[in-house]
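Student: predicted model, plus sequence, below.
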Amino acid sequence: MKRIVLTVLPFVVALPLVVAAAVWQGRETERWGEFPELKVYAARLADMPLVIGPWKGQIGPRLDEETRRYVGAVGDIQVSYINQETGERANVFIVCGRLYDVLKHRPDRCYPAHGYKTEEEERPYEESTADKRPVGFRTAVYVKEDKPTGTRIYWSWSSDGNWKGPDDIRTAFQRSKPIFKLYVDHDVPAAGQPLGEGPSPKFIRVLIPALNKALFPKDAAAKPAGDA
């Protein structure tokens, strides 16, 4: 009997640890639980406004199925906006999906993987919108040898209308809610452009209020802005 107890004891001790590890891993990869809101949130991208103040947008091609699976997008949209008064251009790309699926694909990983080099290191950027809401982004400039201009890109995340660009995305958002990832970019001169200048910051100020009405029709009106 003693021998049997000694044989079984390690398994009895290890079992709770194995179960706890499996639960933690499942939570981290979002394998546990259904997300019925995913399709509901993704469908809201169809309400993306194409006229925002003086900015008029044209929808670009959607991601193909293989790319959509790779970046974890349940829904996606690309829109190129032109300011009808100044001629400035800003491009928008949004994907909707599970946090774990979309957090791995960010500009600081994807752009270098496609042959771009970082001309200016990634940094946080804060902006105040036209309706006085603080928004947080990450931003960097990427250049490619065969392109005469660089690309200044701003990226942010939201699941409730409060847009943030945190260092640690995993702990900043709830895994139980779908999340939108937003890119806004514009071309910059080869010699660079000071942070905060150019069409993207101007566009962000009017984009976010209009975007929130489309993506978070209830949340945006009911909830105050959070920390950027």
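Tutor: Great, that's in hand. Residues are numbered from 1 along each chain as shown.
Student: tell me the buried residues in the strand ranked longest in the chain?
Tutor: When the chain is scanned for its longest strand (criterion: DSSP state E), the result is strand 117-128. For strand 117-128, the neighbour count (16 or more other Cβ atoms under 10 Å) marks 119, 120, 122, 125, 127 as buried. Every C-beta, even on glycine, is put in place using the N, C-alpha and C of the backbone.
Student: and residue 76, what helix or strand is that in?
Tutor: strand 75-83 (DSSP states H and E).
Student: what count of nearby residues applies to residue 167?
Tutor: 9 (other Cβ atoms under 10 Å).
Student: that one: which element?
Tutor: Applying DSSP H and E, one finds residue 167 in no helix or strand.
Student: how close does it get to residue 106?
Tutor: The gap separating residue 167 from residue 106 is 12 Å, by Cβ to Cβ, to the nearest Å.
Student: cool, and residue 152?
Tutor: If you go by Cβ to Cβ, the gap between residue 152 and residue 106 works out to 15 Å.
Student: need the per-residue pLDDT for the closest residue to residue 198 other than its chain neighbours.
Tutor: Distances taken as Cβ to Cβ, 6 or more residues apart in numbering put residue 186 closest to residue 198, at 5.3 Å, once the chain neighbours are dropped. Residue 186 carries a pLDDT score of 96 in this model.
Student: can you give me the strands in this protein?
Tutor: Under DSSP E, the chain gives strands at 51-52, 55-59, 75-83, 89-97, 117-128, 134-143, 150-158, 179-188.
Student: rank these by pLDDT, which is bottom?
Tutor: strand 117-128 (a mean of 88).
Student: got the angle between that strand and strand 150-158?
Tutor: Taking axes from the mean of the first three to the mean of the last three Cα atoms, to 10 degrees, strand 117-128 and strand 150-158 form an angle of 50 degrees between their directions.
Student: re earlier: show me the contacts for the residue nearest to residue 198.
Tutor: By Cβ atoms under 8 Å, 6 or more residues apart in numbering, the contact list for residue 186 reads 88, 89, 90, 91, 151, 152, 198, 199, 200.
Student: again, 10 Å this time
Tutor: Applying Cβ atoms under 10 Å, 6 or more residues apart in numbering to residue 186 gives the contacts 81, 88-91, 149-154, 193, 198-203.
Student: swap in residue 195?
Tutor: 120, 123, 125, 139, 140, 141, 152, 154, 201.
Student: ok, residue 145 - how many residues close by?
Tutor: Using other Cβ under 10 Å as the criterion, residue 145 is surrounded by 7 other residues.
Student: actually, residue 48.
Tutor: With other Cβ under 10 Å as criterion, residue 48 counts 18.
Student: might one say that residue 152 is in contact with residue 139?
Tutor: Yes. Between residue 152 and residue 139 there is a contact under Cβ atoms under 10 Å: 6.8 Å.
Student: okay, and the common contacts of the two?
Tutor: Counting by Cβ under 10 Å, 6+ apart, the residues touching both residue 152 and residue 139 are 120, 184, 185, 195, 200, 201.
Student: of these, which pair is most distant in space?
Tutor: 120 and 184 (16.0 Å; Cβ to Cβ).
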